[in-house]
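# coords please:
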Amino acid sequence: MARLMCGSAGFHVQGAHMQASRPSSLSFRTCAQLEISRLCAIPRSMGVKAVSASQQHIRHRFSSIRASALPCMQDDTTRYFDFVVIGSGVAGLRYALEVSKHGSVAIITKAEPHESNTNYAQGGVSAVLCPKDSVESHMQDTIVAGAYLCDEETVRIVCTEGPERVKELIAMGASFDHGEDGRLHLAREGGHSHNRIVHSADMTGKEIERALLQAVENDENISVFGHHFAIDLLTCQNNGEIFCYGVDSLDTKAQKVVRFISKVTLLASGGAGHIYPTTTNPPVATGDGIAMCHRAQAVISNMEFVQFHPTALSDEGLPIKPAKIRDNAFLVTEAVRGDGGILYNQSMERFMPLYDDRAELAPRDVVARSIDDQLKKRGEKYVLLDISHKPREKILAHFPNIAAECLRHGLDITQQPIPVVPAAHYMCGGVRAGLQGETSVKGLYVAGEVACTGLHGANRLASNSLLEALVFAQRAVQPSIDHMVDADADPCLAEKWARPMLSVSIKDNVLSDIIERTKKTRMELQSIMWEYVGIVRSTNRLKNAEWKIGDLESEWEEFLFRRGWKPATVGIEACEMRNLFCCAKLVVKSALARRESRGLHFTEDFPYLEESKRKPTVIFPTAIQELTWSSKPLQRQLQCK
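All right, here's what the predicted structure looks like:
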C-alpha cells in the first residue's frame with residue numbers, strides 16, 4: 001500500500017529526494033525501420049567543426065554501441081531513441097522541438113497527434129504582456145485562486161518566464177487575435193485582476209497545436225508514433241534510486257507491443273477526466289501517465305483537487321438534442337463570463353452575487369459549487385449563461401466555435417442563453433515535479449496536466465494550464481540533455497524485461513465478453529466517482545467510494561482472469577480500465593487525507609479552511625504495492641548493475 005502523508009516534505013523534488021478536425025496538410029513520419037545511426041545524431045544547426053569535445057565523446061561511445069546492439073534487435077518491436085516523449089499536447093511537442101537539437105526523439109501518442117487536451121483548450125494562455133499588468137499581480141491572482149496552497153517559487157517562475165514562452169509561440173507561427181490598435185488582444189477571465197489572456201478566438205489550443213505540429217513535421221530528428229498506447233514505464237533500481245529507461249506501448253493499429261528504449265523519458269500525457277461520467281477532456285484522458293508513474297513508484301501529490309469546469313454545454317437544454325451521446329462534453333470557455341456573460345437559473349434569476357462578491361468572475365471552484373447548489377436546491381439539470389446582451393458582431397468574433405456548435409443544435413447565442421452544467425475538467429494534482437520537471441525517478445520528467453508542480457495549488461487559475469505546460473517543457477530541456485549525455489547505454493537492455501502479451505490466445509467470443517464487461521465496469525466506476533467524489537464531498541461518501549471501487553475492481557479482475565486473461569496480457573480497453581481504477585483510488589485516498597475544505601476539495605464534515613492544514617497531500621510509494629492488477633507494473637522492477 002502506498003503511504004499517504006499530508007505535507008510531510010518540501011514540494012520540490014531535489015536530487016535523490018524526494019471536437020476539432022485534423023490539421024490540414026500534415027503527414028506525420030513514422031519509423032518503419034529502426035535507425036540506429038540516429039542515436040548519435042548531431043544537431044543540424046552545427047557544422048562538423050563546431051562539435052564539442054563532449055559530443056565527440058558521445059559519438060565515439062555510440063559508434064561502438066551500434067555494432068554490439070545489432071544481435072539484440074530481432075524485429076521491429078524495439079525502438080531506440082535518445083528521448084521519448086509520451087503525449088502530443090503543447091508540453092510534449094514544445095519539449096520535443098528543443099531536445100531534438102541534441103538527439104533523436106520519439107513522440108508516442110495514443111490517438112492522432114492532434115488529439116490532446118491542448119486541442120480542446122478554448123480560452124487561451126495567461127501572460128503578463130500589458131504595461132499596466134505585473135508579474136506580482138499575476139502571482140497574487142494565481143495564489144488566491146489556488147487557495148494559498150500554491151508553491152510560491154513555482155508561481156514566480158511561471159509568471160516571470162511565461163511571457164517569453166508566448167513570444168516564442170508567436171515566432172513559430174502561432175496566430176493570436178489582435179485589437180484595432182494592432183496589439184495583441186488580451187481577454188480577461190475569472191480570477192484575473194487584469195486582461196492578460198492571449199487567445200485565438202475561442203480555439204486557442206487548436207491554433208497552438210497546429211503551429212507546434214507543423215514545426216514537428218519539419219524536424220527531421222523527431223519521429224511521431226500515432227496510435228501507440230503507453231502501457232508501463234521500464235524501470236530498474238540501484239542503491240535505493242529508481243531509473244527509467246523507456247516505456248512499453250501497444251500499437252493499436254498493427255496490434256503489436258512496441259518497446260521504446262531511451263535515455264530520457266518525458267511524460268506529457270494529460271489528465272484523468274474520464275474517471276467521471278461527464279468531462280470536457282477528449283477520450284484519451286484516462287489517467288495513463290499518473291497511473292504508470294504510481295506503478296513505477298514515483299511520488300504523487302494533490303490528487304484530491306479535481307477541477308470541475310462550471311460551464312460545459314448541457315445537451316439536455318438544447319432545442320435540438322445531439323444525435324448521439326458525446327465522447328466528451330463541449331466546453332463553454334471561461335472567457336464568456338470574462339466578456340460579460342451572466343449566469344441565471346431557469347427562472348432567469350441571477351444567482352452568483354448571492355454566493356460571492358466577484359459574481360461570475362469568481363474562480364472556477366466557487367462558480368462550480370454555486371451552480372451545483374442551485375441545481376440541487378431547485379431540482380434542475382442545468383443553468384443558463386447569457387451573453388446575448390453584448391453586440392452580435394462581438395459575440396461572433398470572440399466565440400465563433402461556441403456559436404457554431406450551439407447553432408447546429410437550434411440555439412442562437414446572440415439571442416438566447418446557453419444551457420450549461422459543471423463537468424470534470426482538469427487535474428490540479430499529479431506526478432510530483434521539481435522546478436525543472438524532474439520526478440523522484442531518475443531519467444523521468446513530467447510536464448503539463450500530468451504533473452503537479454505546485455503552480456495550481458488547490459484550484460487552477462483560468463488559462464494557467466497552457467502557460468505551465470510551456471514553461472515546464474522548456475525548464476525540463478537542459479536537465480534532460482545533461483542526463484542523456486551521462487546515461488549508460490546498454491544496447492541489450494530491452495531484453496531484460498518480460499514482454500507484455502496480446503490477447504491472441506483468447507477466443508473472439510470470450511474477448512468480446514471481456515470488452516463488454518470492461519465498458520460496463522468503466523461506467524460503474526464513473527458513476528461512483530460522480531455520486532461520492534464529486535463537487536461536494538463528505539467523509540462517509542468518500543469511504544463508501546473507497547469500498548465500492550475496491551469491490552468493483554476485484555470483481556472486474558476476477559472476471560478477466562477467470563476468462564483466460566493473464567497478468568501480462570494487454571488490450572487497450574483493459575489497460576485504460578486499470579489506469580482509471582488506479583487514478584480514482586488516488587483521488588479518494590487524497591480526499592480522505594485532507595480534513596478541511598480548500599479550493600476544489602469541499603467536504604461537508606470539515607467545511608472551513610484551516611491554516612494548519614495548508615500543506616500538499618503526498619502519496620509516497622512503498623516496496624509493497626497494492627495487490628491489484630491496476631496498481632502493479634506488468635514488468636517486475638530490475639536491479640541495475
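# Can you tell me how far the closest residue to C583 other than its chain neighbours is from M303?
With sequence-adjacent residues excluded and distances taken as CB to CB, 6 or more residues apart in numbering, C583 is closest to G287, at 3.4 Å. Heads up, the C-betas are built off the backbone N, CA and C, glycines and all. If you measure G287 against M303 using CB to CB, to the nearest Å, the figure is 10 Å.
# Which residues are in contact with each of those two?
In terms of CB atoms under 8 Å, 6 or more residues apart in numbering, G287 and M303 are both contacted by the residues M427, C583.
# ok, the residue nearest to C583 - contacts?
G287 makes contacts with G271, A272, H274, I275, M427, N579, L580, C582, C583, as judged by CB under 8 Å, 6+ apart.
# Show me where the stretch 451-600 of the chain dips below the pLDDT cut-off.
Across the stretch 451-600 of the chain, the ranges flagged by pLDDT under 70 are 489, 491.
# would you list every one of the strands in it?
In the stretch 451-600 of the chain, the strands defined using DSSP state E, counting those that start in this stretch lie at 451-452, 501-502, 536-537, 569-570.
# Give me the helices and strands touching the second one, please.
Spelled out, it's strand 501-502. Helices and strands touching strand 501-502, by 3 or more CB pairs under 8 Å, 6 or more residues apart in numbering; DSSP states H and E, are strand 256-267, strand 569-570.
# Ok, the first one next?
With contacts defined as 3+ CB pairs under 8 Å, 6+ apart, the packing partners of strand 451-452 are strand 430-432.
# On the three-state scheme, L234 is what?
Applying DSSP: H, G, I helix; E, B strand; the rest coil to L234 yields a three-state assignment of strand.
# That one contacts Q637, doesn't it?
No: the pair formed by L234 and Q637 falls short of the contact definition of CB atoms under 8 Å, at 9.3 Å.
# between these two, who's got more neighbours?
Taking neighbours as other CB atoms under 10 Å, L234 and Q637 compare with L234 leading, 25 against 19.
# Quick one, grab the pLDDT at the more buried one.
According to the model's per-residue confidence, L234 sits at a pLDDT of 95.
# check contacts around it.
L234 makes contacts with C244, Y245, G246, V247, D248, R259, I261, W497, Q635, as judged by CB under 8 Å, 6+ apart.
# And it, how close does it get to V450?
When distance is defined by CB to CB, L234 is 18 Å away from V450.
# and the contacts of G287 as JSON lines, adding distance to T311 and neighbour count?
Rendered in JSON lines, the data for the contacts of G287 read as follows (distance: CB to CB, whole Å; neighbours: other CB atoms under 10 Å):
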{"residue": "G271", "distance to T311": "18", "neighbour count": "29"}
{"residue": "A272", "distance to T311": "21", "neighbour count": "32"}
{"residue": "H274", "distance to T311": "19", "neighbour count": "26"}
{"residue": "I275", "distance to T311": "21", "neighbour count": "31"}
{"residue": "M427", "distance to T311": "19", "neighbour count": "30"}
{"residue": "N579", "distance to T311": "28", "neighbour count": "27"}
{"residue": "L580", "distance to T311": "25", "neighbour count": "25"}
{"residue": "C582", "distance to T311": "29", "neighbour count": "27"}
{"residue": "C583", "distance to T311": "24", "neighbour count": "31"}
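# Which members of those occur in helices, if any?
N579, L580, C582, C583 (DSSP state H).
# Test of understanding: give the bridge partners of K442.
On the basis of DSSP bridges, K442 takes part in beta bridges with F243.
# Ok, L233 next?
The partner list for L233 in beta bridges (DSSP bridges) reads V247.
# hang on, F399 packs against R337?
No: F399 is not in contact with R337 according to CB under 8 Å; the separation is 11.5 Å.
# Of the contacts of L234, which is the most crowded?
The member of the contacts of L234 that has the most neighbours, counting by other CB under 10 Å, is Y245 with 29 neighbours.
# what secondary structure does that residue sit in?
Assigned by three-state DSSP, the conformation of Y245 is strand.
# any idea of the pLDDT on it?
The predicted structure scores Y245 at 94 on the pLDDT scale.
# Next up, the contacts around it.
By CB under 8 Å, 6+ apart, Y245 lies in contact with L234, T235, C236, I261, S262, K263, T265, G443, L493.
# how far away is it from R79?
From Y245 over to R79 (counting by CB to CB), the distance is 13 Å.
# Which neighbours do these two have in common?
Common neighbours of Y245 and R79 are listed as I261 (criterion: CB under 8 Å, 6+ apart).
# list the contacts for N195?
With contact taken as CB under 8 Å, 6+ apart, N195 is in contact with C130, D133, L186, A187, R188.
# Run through the stretch 101-250 of the chain and note the low-pLDDT ranges.
Along the stretch 101-250 of the chain, the model assigns pLDDT under 70 to residues 113-123.
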